[in-house]
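1. give me a 3D structure for the following:
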Amino acid sequence: MSEPKKRIFIGLIVFTVFLIAAITVALYLIPYIGLRNIHPLAPEIVCLTMSGALGALILGVGLLILTLIRGKEIFFAARLRGIVIEVLFPIMIVVGKLLGISKEKIQQSFVEVNNLLVMAKCRDSKPQRILLLMPHCLQFNDCAIKITTDAGKCQACGKCKIKDLVMLAKKYHVHLSVATGGTLARRRVAEAKPQAIIAVACERDLTSGIQDAYPLPVIGILNDRPFGPCFNTSVDISKVAEALEFLANGGKELRESPG
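-> Next up, the predicted model:
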């Protein structure tokens with residue numbers, strides 16, 4: 001994993017937890033007198049409840065950071081990934097904006113961390129059904145053959161990376177699907193019923209796709225955009241191959257997150 005991206009995520013998530021804790025304490029202290037008027041024990045009950053929730057959150061974040069550092073599953077890596085995806089990430093986007101951190105950098109960090117948590121969970125396991133989910137903008141724009149219905153129609157001219165992806169899919173006996181958008185991508189996932197997904201897309205589409213697919217494990221790989229977004233994009237095939245090798249061999253080969 002890229003250390004700068006990891007540091008962005010860890011720093012931001014720690015700051016977010018402290019911010020949540022500070023807001024929670026403030027919300028408790030402001031109506032403290034009013035709680036006494038409701039019931040003599042009301043402040044203590046609210047305090048214990050808030051303390052328990054904050055303690056669980058801090059413990060979860062601590063385990064999450066330990067998992068990121070070790071690269072191996074610590075207790076509930078899958079559940080921790082769910083907390084990050086469903087709870088903390090949306091808050092981190094807002095906090096990051098307040099701190100002047102771009103949304104794109106936070107999304108990149110999120111994808112990296114998600115990959116590490118997926119790999120920590122999938123290590124020593126071999127999904128039988130793997131889906132390669134690719135964006136249609138990887139295909140050469142002037143190609144007369146549209147492969148969104150069947151990637152096997154590719155004529156292997158070599159002008160784009162579809163040829164290499166088809167070869168990888170055949171080598172590892174996995175399903176390759178090329179989607180034109182989020183709706184079609186979700187349909188392809190429902191049809192393929194994979195146990196794991198390797199997805200290529202931009203930061204925005206990857207983060208939303210990882211959130212939509214949860215709890216399915218998704219390894220996300222950012223595409224290259226030499227001509228701008230959504231036009232003749234590319235991808236580092238070696239990263240896709242490494243991710244496939246990792247899943248196919250139960251994590252015996254790959255040691256770092258692609259992306």
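
2. and the strands in the stretch 101-250 of the chain?
-> Across the stretch 101-250 of the chain, reading from the start of the chain, the strands by DSSP state E, counting those that start in this stretch fall at 130-135, 175-179, 196-201, 218-222.

3. the last one pairs with which strands, and in what direction?
-> Neighbouring strands of strand 218-222 in its sheet, by DSSP bridges, are strand 196-201 (parallel).

4. go on, the first one?
-> Under the criterion DSSP bridges, strand 130-135 sits next to strand 175-179 (parallel), strand 196-201 (parallel) in its sheet.

5. out of those strands, which comes closest to residue 84?
-> Comparing these against residue 84 with Cβ to Cβ, the closest turns out to be strand 196-201 (17.1 Å). Using the backbone N, CA and C atoms, a C-beta is placed for each residue, glycine as well.

6. give the rounded mean pLDDT of that closest one.
-> In this model, strand 196-201 has a mean pLDDT of 96.

7. show residues contacting that strand.
-> Outside of strand 196-201, the residues that reach it under the criterion Cβ atoms under 8 Å, 6 or more residues apart in numbering are 118, 122, 127, 129-135, 138, 189, 206, 209-210, 213, 216-223, 235, 240, 243-244, 247.

8. just the buried ones out of those residues, please.
-> For these, a neighbour count by 16 or more other Cβ atoms under 10 Å gives the buried set as 118, 122, 127, 130-135, 138, 189, 206, 209-210, 213, 216-223, 235, 240, 243-244, 247.

9. helix or strand right after the helix or strand of the chain with the lowest mean pLDDT?
-> For the chain, using mean pLDDT, DSSP states H and E, the weakest element among its helices and strands is helix 32-38, scoring a mean of 57. Downstream of helix 32-38, the first helix or strand assigned by DSSP states H and E is helix 42-70.

10. now that next one: buried residues?
-> Judged by neighbour count (16+ other Cβ under 10 Å), helix 42-70 contains these buried residues: 43, 46, 57, 60, 61, 63, 64, 65, 67, 68.

11. from the chain's centroid, how far away is it?
-> How far helix 42-70 lies from its chain's middle: 23 Å, per Cα atoms, centre = their mean, to the nearest Å.

12. before we move on, what about stretch 195-209?
-> What separates the centre of stretch 195-209 from the centre of its chain is 7 Å, taken as Cα atoms, centre = their mean.

13. which non-adjacent residue is nearest residue 132?
-> By the measure of Cβ to Cβ, 6 or more residues apart in numbering, the closest residue to residue 132 outside its immediate chain neighbours is residue 176, 4.5 Å from it.

14. surely the one you found meets residue 167?
-> No. The pair residue 176 and residue 167 fails to qualify as a contact (Cβ atoms under 8 Å) at a distance of 9.9 Å.

15. of those two, which one has the most company?
-> In terms of neighbours (other Cβ atoms under 10 Å), residue 176 is the more surrounded of residue 176 and residue 167; the figures are 24 against 15.

16. residues contacting stretch 176-185, please?
-> When contacts are defined by Cβ under 8 Å, 6+ apart, stretch 176-185 is touched by residues 131-136, 138-139, 147-148, 151, 162, 165-166, 168-169, 188, 192, 205, 208-209, 212.

17. show me what counts as buried in that stretch.
-> Within stretch 176-185, the residues scored as buried using 16+ other Cβ under 10 Å are 176, 177, 178, 179, 185.

18. likewise stretch 154-166?
-> Of the residues in stretch 154-166, those buried (16+ other Cβ under 10 Å) are 154, 160, 161, 162, 163, 164, 165, 166.

19. dump the residue contacts of residue 168.
-> Residues near residue 168 by Cβ under 8 Å, 6+ apart: 132, 174, 176, 237, 240, 241, 244.

20. repeat that for 7 Å
-> Contact analysis of residue 168 by Cβ atoms under 7 Å, 6 or more residues apart in numbering lists 240, 241, 244.

21. apart from its neighbours in sequence, what residue is nearest residue 196?
-> residue 127 (4.0 Å).
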